[in-house]
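*Asks:* Sequence first, then the predicted structure, then my questions.
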Amino acid sequence: MSWITKTFTSSIGRKIIMSLTGLFLCTFLVVHLIGNLQLFKHDGGAAFNTYSHFMGTNPIIRTIEWGLVLGFGFHIYEALMLTRRNKAARGSQGYVSNHSEQNSEWTSRNMGILGTIILIFLLVHLYNFFWRARFAGDLPRMGGADPLTRDYDNLYLAVVSSFHIWWYVLLYVAAQISLGYHLWHGFRSGFQTLGLNHRKYTPIIKYVGYAFAVVVSAGFASMPLYFFLFTNADGELAANAPALLQSVAAAF
């Protein structure tokens, strides 16, 4: 076994891979959130469908997707391996109690549960949108007079339809809450694992990680809640929507 294999199959090596892939996936979350904010534009889904078409057909983006798949794959695999190794280590201690609830945070002790909720959501989410758009071919077309966009998949309608299903909205919001906790712990732990610790800068990283976790998870969670509570089946604001939302919508 080479030193490279020994390094990256050790506990610290696996944690380094977890940190690098986790921070890489954070960049994906930012891009994905910014793109999905197009859902809030009141243009019948034109902006979101154009964005989705670009992401699905641009060769550079399609190439980057493979890196994203590998990033998710390595992150999930290393998480499973670390969880398994930690359980085995605790089991070997017999009746010795280490009072983990007193020595670690709730998020640290439950990263496996949080990650499992996110993984279940991810599988449902990928099937509902990515699989249908790329392989199933059952999405409606945008139509309209514009020859450049009329043959685009109308993914906007698929999103709006899904966001009017109560159990999907519940799963989506639960996953975003889990994601927030996951990011809160993982962001600062990632920098710590990579040795980026400093008495002056570590508190800043901690608060940046907290802000990042809140903004990202709240941003994603706001989308299904907005459509479920305040729009009709076509994604238009319902008559009973708050006046403030109607004013904002009129501005866009």
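*Replies:* Nice, thanks for sending it over.
*Asks:* from here on, contacts and neighbour counts on C-alpha atoms
*Replies:* Noted.
*Asks:* Ramachandran angles for residue 231?
*Replies:* phi -130, psi 160 (degrees, to the nearest 10).
*Asks:* since we're on it, how many residues are nearby?
*Replies:* For residue 231, the neighbour count with other Cα atoms under 10 Å is 19.
*Asks:* per-residue pLDDT, the closest residue in space to it that isn't next to it in sequence?
*Replies:* Excluding the flanking residues, the one nearest residue 231 by Cα to Cα, 6 or more residues apart in numbering is residue 237, at 4.3 Å. pLDDT for residue 237: 79.
*Asks:* correct me, but residue 237 touches residue 228?
*Replies:* No. Contact criterion Cα atoms under 8 Å: residue 237 and residue 228 do not qualify, at 10.4 Å.
*Asks:* Which pLDDT value goes with residue 151?
*Replies:* For residue 151, the predicted pLDDT is 66.
*Asks:* Excluding chain neighbours, what is closest to the residue most central in space within the chain?
*Replies:* For the chain, the residue nearest the mean C-alpha position is residue 29 (5.6 Å; Cα atoms, centre = their mean). Nearest residue to residue 29 in three dimensions, chain neighbours excluded: residue 216, at 7.4 Å (Cα to Cα, 6+ apart).
*Asks:* you'd agree the one you found is in a strand?
*Replies:* No. Under DSSP: H, G, I helix; E, B strand; the rest coil, residue 216 falls outside any strand and is assigned helix.
*Asks:* Poorly predicted segments of the stretch 51-200 of the chain, please.
*Replies:* 86, 88-104, 107-108, 143-151 (pLDDT under 70).
*Asks:* which SS state does residue 138 fall under?
*Replies:* coil.
*Asks:* May I have the phi/psi pair for the nearest residue to it once chain neighbours are set aside?
*Replies:* With Cα to Cα, 6+ apart as the criterion, residue 138 has its nearest non-adjacent residue at 6.4 Å, and that residue is residue 132. The phi/psi pair for residue 132 (degrees, to the nearest 10) reads phi -70, psi -40.
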